[in-house]
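A.B. asks: what follows is a predicted structure for the sequence shown.
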Amino acid sequence: MRSDVITKGVPAAPNRSLLYALGYTKEELERPLIGVVCSYNEIVPGHMNLDKISEAVKAGIRAAGGTPVEFPAIAVCDGIAMGHVGMKYSLVTRDLIADSTEAMAMAHQFDGLVMIPNCDKNVPGLLMAAARVNVPTIFVSGGPMLAGTMNDGSRTCLSHMFEAVGSYYAGKLDETGLEEYENNACPTCGSCSGMYTANSMNCLTEAIGMALRGNGTIPAVYSARLRLAKHAGMQIMELVKKNIRPRDIMTEAAFHNAETIDMALGCSTNTMLHLPAIAHECGIELSFDKANEISAKTPNLCHLAPAGNTYMEDLERAGGVYAVMTELVKAGLLDTSLITCTGKTIAENLEGVVNRNHDVIRPIENPYSKTGGIAVLKGNLAPDGCVVKQSAVAEEMLVHQGPARVFDCEDDAIKAIYAGKIVAGDVVVIRYEGPKGGPGMREMLNPTSAIAGMGLDKDVALITDGRFSGATRGASIGHVSPEAASGGPIGLVEEGDIISIDIPNRSITLNVSDDVLAERRAKWVCPEPRIKTGYLARYAKLVSSADRGAVLE
């Protein structure tokens with residue numbers, strides 16, 4: 001076993017003495033040592049139950065003949081970090097999580113790993129670590145939150161809460177109404193209840209083959225989640241026995257499957273950052289062009305919040321991710337020969353699976369749209385591409401042209417929106433918020449929610465080199481590459497320039513002549529970095545562009 005170097009023979013006697021100091025017995029050290037990476041903390045609603053998940057995982061490992069050894073991983077709550085300097089520290093934790101988990105797993109030579117994440121950067125960070133370490137690994141998350149219920153019986157969620165703030169500033173909602181949302185939007189522990197980034201990534205762990213069925217959809221408060229965790233603990237022992245490793249599962253074909261399921265589900269645009277970063281750790285490069293190619297042939301089958309009025313608990317009852325996959329298989333859109341963490345192929349996993357609710361998961365012959373939930377646009381404003389969740393865009397905004405309202409940071413844009421300075425037809429441009437320029441590539445849920453809450457989501461577009469929360473809806477176009485801080489054309493836009501957006505034709509155009517842009521470029525000077533010390537300063541020096549997954553180089 002891999003752990004023999006710390007448990008077997010005379011040279012390992014000092015190592016064993018330290019393990020004995022932890023209370024492990026000789027018998028326990030003769031079994032495979034399984035690292036249990038638990039992201040429990042007391043600040044993230046999606047993580048407050050992970051101690052229970054970890055105990056269930058460890059019970060499963062012991063039942064199957066292994067010795068579990070728990071160690072932590074950090075996680076940021078994007079919702080709590082939103083709208084202030086804290087959001088600069090969200091995306092960057094993905095790499096901290098990957099690095100620290102790699103260090104722990106390599107230093108202690110575990111035979112296998114069970115990853116217990118739940119929220120936005122925690123899931124991809126641990127997937128990146130799994131690819132690097134490449135020992136048998138399985139994922140089991142904390143599960144999604146239940147949808148909230150308002151006083152009138154209607155259902156609600158976090159995206160409604162953010163939009164309620166915009167409604168308040170627009171005079172459409174009073175303090176009592178705002179407080180009702182506060183008290184009802186997030187009723188349980190778990191990752192927030194719509195198809196936001198956390199739930200998108202947890203669903204994609206199933207899609208890519210690194211988690212058991214139900215990992216993305218079984219609610220956090222259901223006992224089935226604890227049973228799933230026990231089964232994951234048992235299954236890691238099978239993976240160790242058969243030596244099935246992450247890179248055996250996360251192949252190029254598996255990533256293309258994941259992108260296909262992403263398009264059908266209508267996942268967060270953040271998946272276009274995370275899937276390339278995870279693939280990069282596997283030695284695979286995923287391009288924006290490939291994402292568009294997959295989107296062009298993949299129907300969008302689900303409209304979960306914020307795109308519609310269904311939630312993760314509804315997707316679970318309808319059959320979950322596997323039920324979506326069965327619809328895609330009917331059209332020959334998935335490679336079902338691939339091995340997964342079950343030790344079986346996708347085809348074997350899907351035997352007997354049915355779509356139990358055609359209102360939640362549209363049949364393949366009756367999709368919401370013939371193309372996928374995400375689109376990549378290109379043009380002179382974004383030569384390397386930018387991303388939009390087209391399944392959450394109102395039909396009247398799929399094609400839009402309007403004057404640029406330019407802001408060099410999110411904070412200034414928010415002030416203008418709340419002050420009523422943005423009007424129908426405008427194209428809000430927020431720049432110097434990319435991976436390097438931010439630094440940290442903040443999510444723009446506050447401005448997009450303010451626009452939606454004020455009733456302008458069918459009249460105003462927002463373009464940024466930052467990114468968006470999975471809770472964002474409307475013509476919100478992010479990940480503009482190259483970013484402004486790297487000399488991208490978005491840094492050359494001036495107030496009043498006309499910008500044309502054509503999502504069906506995948507184009508975004510700054511209607512300014514090449515000669516004028518050349519004159520502006522000659523005068524352009526990159527602003528001084530906003531943060532010059534600490535981790536963010538180091539991150540800014542190493543991070544690549546958004547179209548490459550914002551990986552560190």
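C.D. replies: Yep, it's here. These numbers come from a predicted model, not from an experiment.

A.B. asks: all strands for this protein, in order.
C.D. replies: Using DSSP state E, the strands of the chain run over residues 33-38, 67-72, 112-116, 137-139, 148-149, 155-156, 375-379, 382-388, 399-407, 427-430, 461-464, 476-481, 498-502, 507-510.

A.B. asks: can you read off the pLDDT for the residue nearest the centre of the chain?
C.D. replies: In the chain, the centroid-proximal residue (CA atoms, centre = their mean) is Thr197; its distance is 3.5 Å. As predicted, Thr197 sits at a pLDDT of 96.

A.B. asks: same question for the one 4 residues further on.
C.D. replies: At Met201 the predicted local confidence, pLDDT, stands at 98.

A.B. asks: skipping adjacent residues, who's closest to it in space?
C.D. replies: Of all residues not flanking Met201 in the chain, Val123 sits nearest, at 3.9 Å (CB to CB, 6 or more residues apart in numbering). Using the backbone N, CA and C atoms, a C-beta is placed for each residue, glycine as well.

A.B. asks: that neighbour against Asn199, yeah?
C.D. replies: No. Applying CB atoms under 8 Å, one finds Val123 not in contact with Asn199, separated by 9.6 Å.

A.B. asks: ok so, going back, mind putting the strands of the chain into a markdown table with mean neighbour count, distance to Ile531 and mean pLDDT?
C.D. replies: Supplementary listing: the strands of the chain in a markdown table, determined by neighbours: other CB atoms under 10 Å; distance: least, CB to CB, whole Å; pLDDT from 0 to 100:
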| stretch | mean neighbour count | distance to Ile531 | mean pLDDT |
| --- | --- | --- | --- |
| strand 33-38 | 26 | 29 | 98 |
| strand 67-72 | 19 | 26 | 98 |
| strand 112-116 | 29 | 30 | 98 |
| strand 137-139 | 29 | 33 | 98 |
| strand 148-149 | 17 | 36 | 98 |
| strand 155-156 | 20 | 36 | 97 |
| strand 375-379 | 23 | 29 | 97 |
| strand 382-388 | 25 | 24 | 97 |
| strand 399-407 | 19 | 19 | 98 |
| strand 427-430 | 26 | 18 | 98 |
| strand 461-464 | 28 | 18 | 97 |
| strand 476-481 | 30 | 21 | 97 |
| strand 498-502 | 18 | 29 | 98 |
| strand 507-510 | 20 | 28 | 98 |
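
A.B. asks: out of these, which comes closest to Ser193?
C.D. replies: strand 148-149 (7.5 Å; CB to CB).

A.B. asks: what's the closest one in contact with?
C.D. replies: With CB atoms under 8 Å, 6 or more residues apart in numbering as the test, strand 148-149 has contacts from 155-157, 184-187, 193.

A.B. asks: so which helix or strand of this structure has the lowest pLDDT on average?
C.D. replies: None of the helices or strands of the chain scores lower by mean pLDDT, DSSP states H and E than helix 445-453, at a mean of 90.

A.B. asks: now the angle from that one to strand 476-481?
C.D. replies: For helix 445-453 against strand 476-481, the angle by axes from the mean of the first three to the mean of the last three CA atoms, to 10 degrees is 150 degrees.

A.B. asks: just the residues contacting helix 445-453, thanks.
C.D. replies: Outside helix 445-453, the residues touching it (CB under 8 Å, 6+ apart) are 78, 82-83, 159, 162-170, 172, 410, 413-414, 417-418, 422, 428, 430, 457, 460, 462, 468-469, 471-474, 476.

A.B. asks: check stretch 230-242 too.
C.D. replies: So stretch 230-242 is contacted by 32, 34, 56-66, 68, 111-114, 136-140, 211-212, 245, 341-343 (CB under 8 Å, 6+ apart).

A.B. asks: I figured Thr260 hits Ala331, correct?
C.D. replies: No. Thr260 is not in contact with Ala331 according to CB under 8 Å; the separation is 9.9 Å.

A.B. asks: so for those two, which residue has more residues nearby?
C.D. replies: Comparing Thr260 with Ala331 by other CB atoms under 10 Å, the one with more neighbours is Thr260, at 23 against 15.

A.B. asks: picking that back up, can I get the least confident helix or strand of the chain in CSV? Just the C-alpha atoms.
C.D. replies: Only the C-alpha atoms of helix 445-453 are listed here, as CSV (Å, rounded to 0.1, in the frame of the first residue of the first chain):
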residue,chain,number,x,y,z
LEU,A,445,-24.4,39.4,-8.2
ASN,A,446,-25.1,42.7,-6.5
PRO,A,447,-25.3,44.8,-9.7
THR,A,448,-27.1,42.1,-11.7
SER,A,449,-29.6,41.6,-8.9
ALA,A,450,-30.1,45.3,-8.6
ILE,A,451,-30.8,45.6,-12.3
ALA,A,452,-33.3,42.6,-12.1
GLY,A,453,-34.9,43.9,-8.9
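
A.B. asks: against Lys415, how distant is Glu175?
C.D. replies: As judged by CB to CB, to the nearest Å, Glu175 and Lys415 stand 21 Å apart.

A.B. asks: before we move on, what about Tyr20?
C.D. replies: Look at Tyr20 and Lys415: by CB to CB, they are 60 Å apart.

A.B. asks: could you do Leu173 as well?
C.D. replies: Where Lys415 is concerned, Leu173 sits at a distance of 20 Å (CB to CB).

A.B. asks: of the two, which one has the most company?
C.D. replies: Per other CB under 10 Å, whichever of Leu173 and Lys415 has more neighbours is Leu173, with 18 against 11.

A.B. asks: need the contact list for that one.
C.D. replies: Taking CB under 8 Å, 6+ apart as the test, what Leu173 contacts is 164, 167.

A.B. asks: now Leu301
C.D. replies: 264-265, 324, 327, 361-364, 367-368.

A.B. asks: in helices, which of those appear?
C.D. replies: Counted as lying in helices by DSSP state H, out of the contacts of Leu301, are 264-265, 324, 327.

A.B. asks: lovely, talk soon.
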